[in-house]
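Visitor: Following is a predicted model, sequence given first.
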Amino acid sequence: MVRLRMFCKLAAVVAIGVSVAAWRVAISDDSPAATTAAEFPPELVAFTPSPSNPVFSGAGPGHWDQKIRERGWILHESDGYHLWYTGYDGTKTGIRRLGYATSHDGIEWRRHAGNPLIADHWVEDMMVVKHDGLYYMFAEGRDDQAQWLTSRDRVQWERRGTLDIRYKTGKPLTPGPFGTPTAWFENGTWHLFYERQDAAVWLATSRDLKVFTHVQDEPVLNPGPGEYDRSMIALNQIIRRNGRYYAYYHGLDLTREPKLWTTAMASSSDLIHWTKYPGNPLLRENKSSGIVVEDGPGYRLYSMHDSVQLHLPTGK
């Protein structure tokens with residue numbers, strides 16, 4: 001029992017980059033290294049690029065999705081992998097349209113014959129939640145105005161309108177962009193994370209999706225103090241594992257040239273107070289909008305902008 005316990009502690013500490021020498025003095029269960037390993041398990045932070053990269057890209061000149069951009073979304077269901085993405089003509093003003101692709105293995109993808117799924121309305125930076133047999137999409141519209149859509153078959157989407165977000169007093173948000181909407185549903189409540197000009201991340205909740213009210217008017221996730229996210233920040237995804245919540249997000253350091261968006265992760269017990277992973281960023285290769293997708297008992301990490309890159313669990 002003692003040998004097994006020491007072996008597990010060594011594996012966890014090495015996985016987060018702590019030397020064996022440091023581990024030898026950090027053998028108590030309440031040591032900082034042990035706490036970090038428990039709060040940030042290796043299977044959530046340790047990934048290796050796939051040799052198949054990129055696994056999905058823009059279709060090139062002459063196509064409606066000549067390029068792809070922003071956060072896309074992947075669901076792994078019993079019948080395979082499902083990808084929603086934003087395609088456009090590569091220009092700053094070109095309308096951002098919703099595309100869809102499927103895969104049996106999450107590596108080789110086939111575009112849907114009916115793409116774009118929505119041709120006349122701006123849809124980008126989306127994420128999808130499946131709840132009670134219905135798919136809920138939260139996405140940006142034109143000018144970074146967050147919206148939601150629903151579907152029963154993953155293909156036909158009905159736009160439900162712009163999200164109504166209020167301050168704690170019930171007063172509507174001040175005019176301006178509010179984007180990168182990320183939803184989490186639990187115990188009858190929708191939790192919505194969003195950013196305003198990537199300055200910080202706020203949290204609002206709703207029981208009916210009609211009105212979201214701030215949990216607090218102060219952000220729940222701010223830039224910094226690390227250099228990788230000290231200028232801008234936006235949250236991509238929430239997952240729950242072993243009783244804790246994990247947020248995957250992207251951050252930017254505007255003082256760095258060239259500008260570098262990175263993918264990072266933070267942990268929380270209540271969705272409000274977050275601790276950033278000490279080993280951040282997870283990805284430095286300007287692969288923003290990273291999300292994890294369940295892969296058997298573990299996860300694989302996809303980065304979405306401006307191509308889809310797959311990162312497999314370290315050791316696989």
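Guide: The structure has been received and is ready for your questions.

Visitor: okay, now the domains of this protein?
Guide: 2-39, 43-313 (automatic domain parsing).

Visitor: okay, those domains in CSV with mean pLDDT next?
Guide: Shown next, in CSV, are the domains of the chain (pLDDT from 0 to 100):
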stretch, mean pLDDT
domain 2-39, 42
domain 43-313, 96
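
Visitor: Could you single out the most deeply buried of the ones you listed?
Guide: Of all the domains of the chain, domain 43-313 carries the top mean neighbour count, a mean of 18, counting by mean count of other C-beta atoms under 10 Å. Yep, even glycine has a C-beta here, placed from its N, CA and C like the rest.

Visitor: now that one, how far from the chain's geometric center?
Guide: 4 Å (C-alpha atoms, centre = their mean, to the nearest Å).

Visitor: ok, the nearest residue to Leu310 once chain neighbours are set aside - contacts?
Guide: Excluding the flanking residues, the one nearest Leu310 by C-beta to C-beta, 6 or more residues apart in numbering is Ser50, at 4.0 Å. Residues near Ser50 by C-beta atoms under 8 Å, 6 or more residues apart in numbering: 107, 309-312.

Visitor: Just these: which are in strands?
Guide: In strands, judged by DSSP state E, the following of these are found: 309-312.

Visitor: Among the residues you listed, which one lies nearest to Gly94?
Guide: Gln309 (23.1 Å; C-beta to C-beta).

Visitor: The spatially most central residue of the chain and His305: what is the separation?
Guide: Among the residues of the chain, Asn236 comes closest to the average C-alpha position under C-alpha atoms, centre = their mean, at 2.6 Å. Distance of Asn236 to His305, computed by C-beta to C-beta, to the nearest Å: 10 Å.

Visitor: Give me the common contacts of the two.
Guide: Residues touching both Asn236 and His305 (C-beta under 8 Å, 6+ apart): 71, 289.

Visitor: Quickly name whichever of the contacts of Ser50 is closest to Gly72.
Guide: Nearest to Gly72 among these, with distances taken as C-beta to C-beta, is Gln309, at 11.3 Å.

Visitor: Before I go, just wanted to say thanks for your time.
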